[in-house]
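Peer 1: Only the shape, not the letters, is given here:
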């Protein structure tokens, strides 16, 4: 079974056009060149399709890191293992 961390990693690699080597759960928006307004929309759609959670426009606009995404999902009963 694929963990939620692995699902999120795969989603972010696809949305932000990253290689596996470039990806880290410590990445911030400033470190990802493709994390722009279009990337945020693609991310929001991907999260809804993958996890069934819909970011509010305010949440989507305020995302600043991978940790922020995990925190919001965790706070909405989508578990992430360590």
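Peer 2: On my side now, so go ahead. As the structure is a computational prediction, the values presented were derived from the model and not from experiment.
Peer 1: Could you tell me which other helices and strands the lowest-mean-pLDDT helix or strand in the chain packs against?
Peer 2: Lowest by mean pLDDT, DSSP states H and E among the helices and strands of the chain is helix 57-62, with a mean of 92. Identification of packing neighbours for helix 57-62 by 3 or more Cβ pairs under 8 Å, 6 or more residues apart in numbering; DSSP states H and E yields helix 37-51. Every residue, glycine included, has its C-beta placed from N, CA and C.
Peer 1: got any ranges where this protein has weak pLDDT?
Peer 2: 82 (pLDDT under 70).
Peer 1: Give me the next element, helix or strand, following the least confident helix or strand of the chain.
Peer 2: Downstream of helix 57-62, the first helix or strand assigned by DSSP states H and E is helix 66-75.
Peer 1: How far off centre is that next one?
Peer 2: Its chain's C-alpha centre and that of helix 66-75 lie 8 Å apart, by Cα atoms, centre = their mean, to the nearest Å.
Peer 1: Buried ones in that helix, by neighbour count?
Peer 2: 66, 69, 70, 72, 73 (16 or more other Cβ atoms under 10 Å).
Peer 1: Same question for stretch 32-52.
Peer 2: Buried-residue list, stretch 32-52, by 16+ other Cβ under 10 Å: 32, 35, 39, 40, 42, 43, 44, 46, 47, 51.
Peer 1: Name the SS class of the nearest residue to residue 4 once chain neighbours are set aside, please.
Peer 2: Distances taken as Cβ to Cβ, 6 or more residues apart in numbering place residue 80 nearest to residue 4, at 5.1 Å, with adjacent residues excluded. Secondary structure assignment for residue 80 (DSSP: H, G, I helix; E, B strand; the rest coil): coil.
Peer 1: Run through the residues that contact residue 80.
Peer 2: 3, 4, 5, 8, 70, 73, 74 (Cβ atoms under 8 Å, 6 or more residues apart in numbering).
Peer 1: Contacts only, for residue 79.
Peer 2: residue 4.
Peer 1: Could you give the separation of the least confident helix or strand of the chain from the chain centroid?
Peer 2: On the basis of Cα atoms, centre = their mean, helix 57-62 is displaced by 12 Å from the centre of the chain it belongs to.
Peer 1: No more questions from me, cheers.
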